[in-house]
Every structure is written in structure tokens, then in C-alpha cells.
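Participant: for reference, the sequence and a predicted model appear below.
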Amino acid sequence: MIRPQPKGKTRKTINAKKKRDASARIKSVRAACVERDQHCALGVWQEFIGECRGPSEWAHHYARRRSKTRGMSVVYRHDRRFSFMACKKHHAAYDAHRFGIVIGDDGMDGAWRIAL
């Protein structure tokens with residue numbers, strides 16, 4: 001008599017677990033960025049890029065942007081050294097490549113500057 005094999009886990013179940021596991025990392029990194037940067041990390045450069053405007057948003061440095069990190073581990077993808085808080089205006093300008101952020105070995109935790 002042939003015994004039926006148990007079915008494997010569904011894709012829906014696997015992806016839901018990945019999402020739950022990732023949310024803990026995301027929450028901790030975002031909270032660390034809020035504590036470090038307050039409303040907008042780029043506000044100290046207002047004389048070059050204008051005043052802050054809009055709500056605070058979580059942004060990622062170009063080195064770890066979403067298109068480059070798809071399918072990679074959550075720990076690599078969401079790292080506080082490559083994340084920062086920015087107001088809506090500065091986040092949009094950064095995403096539109098109106099200026100760049102040059103970071104050192106410590107990323108956003110250490111010394112960094114904007115590049116116009």
C-alpha cells in the first residue's frame with residue numbers, strides 16, 4: 001500500500017512568515033533612525049537644499065536601495081548605517097537625484113555630507 005506524502009507549506013504561508021520576521025527588524029531599525037535623526041537628518045543642510053517641509057519619512061541610501069537589495073537578507077537590506085529620516089520634501093529631492101549623500105565607513109552613524 002502506498003502512503004500519501006504530506007503536502008508542503010504553501011507559498012502564502014512561507015511569504016507571510018518572511019514578512020513577520022522582517023517586520024521586527026524594520027521596526028527596530030526605523031526606531032533607531034528616528035532617535036538618531038529626529039524629524040529630518042538633512043535639516044542641518046537647509047542653506048543648500050532648502051527648509052524642511054512635510055512629514056518625516058524613512059529613506060534608504062542609494063547603496064541599499066530597494067532595487068539593489070531585492071531577495072537579499074533582511075539584516076543586509078535594512079541597516080541603520082544606510083537608513084535615515086528625511087522630511088517629505090528632502091526625501092523626494094534625494095530620490096530625484098537633486099543631491100547625493102556621501103557616507104564614510106560608519107555610514108549615517110558617522111560623518112557624512114551632501115554632494116550637490
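Facilitator: In hand now; what should we look at?

Participant: which helix or which strand is home to residue 97?
Facilitator: Residue 97 belongs to no helix or strand when assigned by DSSP states H and E.

Participant: burial measure for it, as a count.
Facilitator: 8 (other Cβ atoms under 10 Å). (C-beta placed from N, C-alpha, C; glycine too.)

Participant: now do the one 4 residues further on
Facilitator: For residue 101, the number of neighbouring residues by other Cβ under 10 Å comes to 21.

Participant: for it, grab phi and psi.
Facilitator: phi -120, psi 120 (degrees, to the nearest 10).

Participant: biggest strand in the protein, by residue count?
Facilitator: strand 107-115 (DSSP state E).

Participant: please list the outside residues in contact with the helix or strand harbouring residue 68.
Facilitator: Secondary structure assigned from DSSP H and E places residue 68 in helix 66-69. Helix 66-69 has contacts (Cβ atoms under 8 Å, 6 or more residues apart in numbering) with 60, 76-77.

Participant: nearest to residue 9 among these?
Facilitator: Residue 9 has its nearest neighbour among the contacts of helix 66-69 in residue 77, at 23.0 Å by Cβ to Cβ.
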